[in-house]
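Q: mind folding the following:
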Amino acid sequence: MLKRVSEKGLCVTLILGMTGVLPGCSFLFTTAPKSAESPAEFVSKKCTTSKAAPIIDTVIAGYQGFRTVYAATTDKSSYDGAPISREADIAFGLGFFTLFTASAIYGYYVTSKCSSRQEPVIVEGPARPEKQENWDEDGNPRPPPPPRQQWNTQPRPPGQR
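A: As a prediction, this is how the structure comes out:
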């Protein structure tokens, strides 16, 4: 025999069910970079660099924070006839705020790790000084030498023109 469920019970059941379905965009859609077990092992660079999921989590966490503060500052009479009580609304808001904040932090961490792994590491060494003969005693570069003449300046043997 089926038992009739009140609207309040149905809303609480739906919200609790959605909590398990909506664990946060970053938890669902970001892939962390794999680390190699040994230095000789190949490391895959397939990971998430897009910050779209953590940004969505940040927006949702901000909305949940605002909604929770609003519910906390509202009096109980505004919840008359509502499917959930004011206390339950505040509790759900804090839960969702915590969930989406944690998901956003995780997403930003994963995407920054992946971005740093994707970028080539450029190691800059000290600049090589030019040869000392190209500099004068004041540290200024010397001008280039004048161009050499292209004709032969050796004297010709007598009798040749």
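Q: backbone dihedrals for Tyr106, both of them.
A: The phi/psi pair for Tyr106 (degrees, to the nearest 10) reads phi -60, psi -40.
Q: lowest average confidence, helix or strand, in the chain?
A: None of the helices or strands of the chain scores lower by mean pLDDT, DSSP states H and E than helix 7-21, at a mean of 59.
Q: residue boundaries of the helices in the protein?
A: Per DSSP state H, the chain carries helices over the ranges 7-21, 25-29, 52-73, 86-118.
Q: distance to Asp138 and mean neighbour count for those helices - can I get that in a markdown table?
A: No exception for glycine: its C-beta is placed from N, CA and C like everyone else's. A markdown table is the format used below for the helices of the chain (distance: least, Cβ to Cβ, whole Å; neighbours: other Cβ atoms under 10 Å):
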| stretch | distance to Asp138 | mean neighbour count |
| --- | --- | --- |
| helix 7-21 | 74 | 12 |
| helix 25-29 | 59 | 19 |
| helix 52-73 | 55 | 17 |
| helix 86-118 | 44 | 18 |
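Q: out of those, which comes closest to Gly159?
A: helix 86-118 (77.9 Å; Cβ to Cβ).
Q: distance of Ser103 from Asp57?
A: 4 Å (Cβ to Cβ, to the nearest Å).
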